[in-house]
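1. Dropping a prediction and its sequence here:
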Amino acid sequence: MDSSFSGYDSYDTDNGDDGDNDNETATTTNSAMPTSHIPSTIILANGNTVQVLFGTTSTDHLYADRLVDSRLVTAITNALNIAESNGAYIVSIYIEATTNGTHTNANSNHYRGTAVDISRINGIPLIVQHASKAVKTLQTAFDQLPNIRENFGPYFKHKQTLPWTIGGHENHIHISINQ
Ligand SMILES: [Zn+2]
């Protein structure tokens, strides 16, 4: 089923800009070392599960199941739990990029292992479902995390939970966490 959507969530259709250019120098040392894989099944607090599928970025042909900052894994799990409690009915997410992909800023949080791009929810590309209930609920859930940094997607574009002006992100949710 996933392959039938091939191309819908390609960055080739996202103006080549992942948008996570914060132009800020990290205030901490290189403490954010990629140390964890995002599990293929995330078990929620109520016992339900969310399947995590991974894509390959067209810019570098690298698979997204790569080591990331373990705090990013925690953030994804916590956001999925909040979304679940708010009736999101998310059974799967498709991660297009972690540290893979070519991003316009050399300081992209992706390279630090603290960012993720989600391009499908429940098997449906975000470019197709737009700001669906699942998208709205998940983006809102991420904004409730204490360490949320960038939260750019079809529903809104927030940085540190405040509106942020940036293009793109109609075909994926870009999430990053503070270091
Ligand atoms: Zn991104």
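-> Looks like it arrived, so ask away.

2. so what's the one residue in the chain that gets nearest to the ion bridging to?
-> Taking Cβ to the ion as the measure, the point where the chain comes nearest the ion is H174, at 3.4 Å. From N, CA and C alone the C-beta is placed, and that goes for glycine too. Beta-bridge pairing of H174, defined through DSSP bridges, involves D117, F152.

3. if I look at it, how far off is A45?
-> In this structure, H174 lies at 25 Å from A45, with Cβ to Cβ, to the nearest Å as the measure.

4. Show me which of these two is the more surrounded one.
-> Set side by side, H174 and A45 give different neighbour counts by other Cβ atoms under 10 Å, the larger being at H174 (27 against 12).

5. mind saving the C-alpha coords of the worst-scoring helix or strand of the chain on mean pLDDT as CSV?
-> Between all helices and strands in the chain, the lowest mean by mean pLDDT, DSSP states H and E belongs to helix 109-112, at a mean of 91. Listed in CSV are the C-alpha atoms of helix 109-112, where the atom choice follows Å, rounded to 0.1, in the frame of the first residue of the first chain:
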residue,chain,number,x,y,z
ASN,A,109,18.5,19.8,13.5
HIS,A,110,18.2,16.7,11.4
TYR,A,111,22.0,16.4,11.3
ARG,A,112,22.1,16.6,15.1
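
6. which other helices and strands contact it?
-> Contact analysis of helix 109-112 by 3 or more Cβ pairs under 8 Å, 6 or more residues apart in numbering; DSSP states H and E lists strand 173-177 as its packing neighbours.

7. Next, report how far the strand it packs on is displaced from the centre of its chain.
-> 5 Å (Cα atoms, centre = their mean, to the nearest Å).
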